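Chemist: sequence plus the predicted model coming up.
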Amino acid sequence: MDFKKGDFKGVNILNGYQFTNQQLNHIMNIAADYERRVKAGEVIRDMEGMVVASLFFEPSTRTRLSFETAINRTGAKYISMADAKASSTAKGETLEDTIRTVDGYVDCIVMRHPEKGAAARAADIAEHPVINGGDGAGQHPTQALLDIYTMRKEKGHIGGQTITFLGDLKYGRTVHSLGYFMQQLGNKMIFASPEELKMPEEITADLINRGAQIEQTSDVKAALSQSDFVYVTRVQRERFPDEESYNRCRGSYIVDNALLKAAKPGITILHPLPRVDEIALEVDAYEGAAYFRQAHNGMYLRMALLGLVTGRA
Amino acid sequence: MDFKKGDFKGVNILNGYQFTNQQLNHIMNIAADYERRVKAGEVIRDMEGMVVASLFFEPSTRTRLSFETAINRTGAKYISMADAKASSTAKGETLEDTIRTVDGYVDCIVMRHPEKGAAARAADIAEHPVINGGDGAGQHPTQALLDIYTMRKEKGHIGGQTITFLGDLKYGRTVHSLGYFMQQLGNKMIFASPEELKMPEEITADLINRGAQIEQTSDVKAALSQSDFVYVTRVQRERFPDEESYNRCRGSYIVDNALLKAAKPGITILHPLPRVDEIALEVDAYEGAAYFRQAHNGMYLRMALLGLVTGRA
Amino acid sequence: MDFKKGDFKGVNILNGYQFTNQQLNHIMNIAADYERRVKAGEVIRDMEGMVVASLFFEPSTRTRLSFETAINRTGAKYISMADAKASSTAKGETLEDTIRTVDGYVDCIVMRHPEKGAAARAADIAEHPVINGGDGAGQHPTQALLDIYTMRKEKGHIGGQTITFLGDLKYGRTVHSLGYFMQQLGNKMIFASPEELKMPEEITADLINRGAQIEQTSDVKAALSQSDFVYVTRVQRERFPDEESYNRCRGSYIVDNALLKAAKPGITILHPLPRVDEIALEVDAYEGAAYFRQAHNGMYLRMALLGLVTGRA
């Protein structure tokens, strides 16, 4: 199925399972096209005259800067709230009233919010499209989309592969959204996590229900030996009941050159960043260390989403 | 009297009583023209190449985002200080020195400041025009201007009407500025407030001196039954000596569907926002509930002011 | 030696002694050209399509607004981090990882950081040019460059002159960077400071080694009587062991009309701002009081640096 300009106009980007494979493919094609145009030094005016709100009810400098760069590079301009503490929210205004007001100013709303479901509530109110930049323990679809865009770029295609999700699978909303994409795109998943940080039972069950191929293990080496990708997330000290159980786990979930020796040759390493020490610095020199390219790809993917939902791509 | 492009170049927007009726009319016409052009999807370049400072010495996300959208939409760019805490002000610099420096960077200064008279002090120093975005207990002229722009749009004309100011008339600087416009434009005012939150005596006296038609009452229903507009403001708990007197008052100043039944048919409801609970959510569905349109109109009104004072409109 | 467009492409601006006199001259010529174009009202598009990161790991509203205006006025757009507290840095990310990520978004990085050497570390990592907006007790080269641009504008030329550095020469990184320029451009320096706040011995020795003509004194009047320029810095109370020694010093380092009577006629007064009380307000009316013009010149100088390092000037 072919899409034409304007077909995604007004679509809200809310979760990781709202698109068909054809739609995912189209989004990635548009991202690739923006990548090509930016690299060619083109002055892009697709969204000229448009204003996008970048509303961070919860601070996240990295995600904010990625979106605001994307807004700039599509030719639009932005208004920005980096932190809700000084806002009307702090004066007791409801999310709905804030969104209704800002919706009257702009052509598109990008938002990060600490509450699950906040983006969907905003989308119900707003006349302009809403892009969810993370809603608490809910979803983070633009991260998952840039993840699969990166996977496709790194391997030349996506589907029929194996990916290990490593580390904290309980609290990492990124792996939750990405799990749905992997199922949908036909990738096998291996969940390798400490007992304390296993993927939530309801998500695993839901994925299996949808036909996902899933394996659970605590044997990281065995997992990596059969994986085309490893998706690393941070194991945070505060997730453990005590120092001892943290220290016991920690070592097994650090990716270093020694661990890489046990991995499938050419394995691609992904990480949503920021990384602390779960990937050793020595790994940065490895060709398959794709995490900084992944962050870079996020800019093109977000340009694509902005262009698509405003009808300019 | 007719105005032409450039006639307002260099004018500072400082208070609610600096314009003649012809000037007010011209400002509203320019705002209406920007509204038409934005809605037509025009890429506006009136202020292209210009930079506007958005200086919030006191945080106010709502007003800041409205101004920064307006700056973007006229084709200008902005520099922004969302909060003075990290600024040179915090290092002991005077307002005058800060303004002198920023005035050297930009083509226009928008400022919010906690001290009454701060905008006028800045305008004395700056070579470029200053727009007062609220100066403490002083004035908030751009809010009052967007209020009358909204009144004109909602009713098709302005003048010879009746408006009830409801709620906190003591601390609400918006109603102070708006009172002068109502007098000037020939609208009758009814002040309906708790005893504790009455309009300051000197303002009432000054308005009457200028020829205003004013009625004071605590009978909200009677007030609304003869009003074309009701301007609602928030009654804040902290304004009352004790919980009891707050609770006694509160109920009478909440606009809900029951109260609306006593109002003049077709009454237009205004509110500077954010609203907390002084207008019930059920009222949002009422056709005359104009408060979100009012916020939206603020963008066009601020575009008009920016274009006018920089000589580009 | 003549330079052509693109010759400075990719150059990092890290310290006050990296340029030859010819290069300094070229930078100032480009700044002068931007000044002419801005004053002529030209809509400058030299950096159109480019995005510059303005990363303030330590807040500095004045420097940030100056850079962000410069970015806007060259036709580029910016992304901004006004404060690192809410950033990935706060989550434990290294400076190197942050820079690697942001470098993937933008065409140039402007940064202020509390640690000496931070800008050089960033430049080692980044593929795009880095402009040091101040690194702790290290350097502040763009300030020193705008200082010499101002000196040249005020006197018509630079070199063979005498400048007194007045006040806190120990902690003022600006005078450290500027000292190297003065040596390089053949200006004699007089260091006039309280004993507690003398220029660090290693810098004085290094400057003399490079051939600088330096005099040290505590006789401010004598110093000013033979100076073409005086560069005033703030003497901060917290630099002194006790209130008494602070009060003893303070008076001698305040520039007022009385002190100016002892100065060489036509002396130019410079100050990096913000000023607190080290220059009396009465001095602002003096023709040679150049400090606000100096801040204004910073915008053109920063436009020049941005244009040069991105190859657009």
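Modeler: Yep, that arrived. Residues are numbered from 1 along each chain as shown, chains lettered A, B, ... in the order given.
Chemist: stretch A:73-84 and chain C, are they touching?
Modeler: Yes: Stretch A:73-84 lies within reach of chain C by C-beta under 8 Å from any C-beta of the partner chain, at A:73, A:77, A:80, A:82, A:83. For the C-beta atoms, the positions are set from N, CA and C on the backbone; glycine is no exception.
Chemist: got the residues of chain A near chain C?
Modeler: Residues of chain A lying near chain C by C-beta under 8 Å from any C-beta: A:41-44, A:59-62, A:65-66, A:68-69, A:72-73, A:77, A:80, A:82-83, A:273-276, A:292-293, A:295-296, A:299.
Chemist: residue C:105 versus residue A:189, what's the distance?
Modeler: 30 Å (C-beta to C-beta, to the nearest Å).
Chemist: so which of these two has more stuff around it?
Modeler: Taking neighbours as other C-beta atoms under 10 Å in any protein chain shown, residue A:189 and residue C:105 compare with residue A:189 leading, 26 against 23.
Chemist: taking the residues of chain A next to chain C one by one, which sit in helices?
Modeler: If you go by DSSP state H, the residues of chain A next to chain C have A:61-62, A:65-66, A:68-69, A:72-73, A:292-293, A:295-296, A:299 in helices.
Chemist: filter those to the buried ones?
Modeler: Among these, those scoring as buried are A:61, A:62, A:65, A:66, A:68, A:69, A:72, A:73, A:292, A:295, A:296, A:299 (criterion: 16 or more other C-beta atoms under 10 Å in any protein chain shown).
Chemist: which among the residues you listed gets closest to residue B:233?
Modeler: Closest approach between these and residue B:233, by C-beta to C-beta: residue A:68, at 34.5 Å.
Chemist: hang on, that closest one packs against residue A:76?
Modeler: No: under the criterion of C-beta atoms under 8 Å, residue A:68 is not in contact with residue A:76, lying 10.1 Å apart.
Chemist: at which residues are the strands of the stretch 151-300 of chain A located?
Modeler: Taking DSSP state E, counting those that start in this stretch, the strands of the stretch 151-300 of chain A run over residues A:162-166, A:188-192, A:214-217, A:229-232, A:268-270.
Chemist: can I get those strands in CSV with mean pLDDT and distance to chain B?
Modeler: Converted to CSV, those look like this (pLDDT from 0 to 100; distance: least, C-beta to the nearest C-beta, whole Å):
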stretch, mean pLDDT, distance to chain B
strand A:162-166, 97, 37
strand A:188-192, 97, 41
strand A:214-217, 96, 44
strand A:229-232, 98, 35
strand A:268-270, 98, 34
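Chemist: closest to residue B:54 out of these?
Modeler: Closest among the strands of the stretch 151-300 of chain A, using C-beta to C-beta: strand A:268-270, at 38.7 Å.
Chemist: which helices and strands does the closest one pack with?
Modeler: For strand A:268-270, the packing partners by 3 or more C-beta pairs under 8 Å, 6 or more residues apart in numbering or on different chains; DSSP states H and E come out as helix A:141-155, strand A:229-232, helix A:291-309.
Chemist: looking at the ones you listed, which is nearest to residue A:96?
Modeler: Between residue A:96 and those, the tightest spacing by C-beta to C-beta is seen for helix A:291-309, at 20.4 Å.
Chemist: can you tell me which residues in the stretch 51-200 of chain A are near chain B?
Modeler: Near chain B, when you scan the stretch 51-200 of chain A using C-beta under 8 Å from any C-beta, you find A:51, A:53, A:77-82, A:84, A:86-88, A:91-93, A:97-98, A:100-102, A:104-106.
Chemist: what sits up against stretch A:175-186?
Modeler: Applying C-beta atoms under 8 Å, 6 or more residues apart in numbering or on different chains, the contact partners of stretch A:175-186 are A:15-17, A:21, A:24, A:139-141, A:143-145, A:147-148, A:158-160, A:163, A:165, A:169, A:188-189, A:199-200, A:203, A:207, A:210-212, A:231, A:233.
Chemist: give the buried residues for it.
Modeler: Neighbour counts over stretch A:175-186 (16+ other C-beta under 10 Å) mark A:175, A:176, A:177, A:178, A:179, A:180, A:181, A:182, A:183, A:184, A:185 as buried.
Chemist: which two among those residues are spaced furthest apart?
Modeler: Spatially, the most separated pair among the buried residues of stretch A:175-186 is A:176 and A:185, at 15.7 Å (C-beta to C-beta).
Chemist: need the nearest residue in space to residue A:161, chain neighbours excluded.
Modeler: Leaving aside its chain neighbours, residue A:161 sits nearest to residue A:228 (4.1 Å; criterion: C-beta to C-beta, 6 or more residues apart in numbering or on different chains).
Chemist: any idea how far the one you found is from chain C?
Modeler: Separation of residue A:228 from chain C (C-beta to the nearest C-beta, to the nearest Å): 23 Å.
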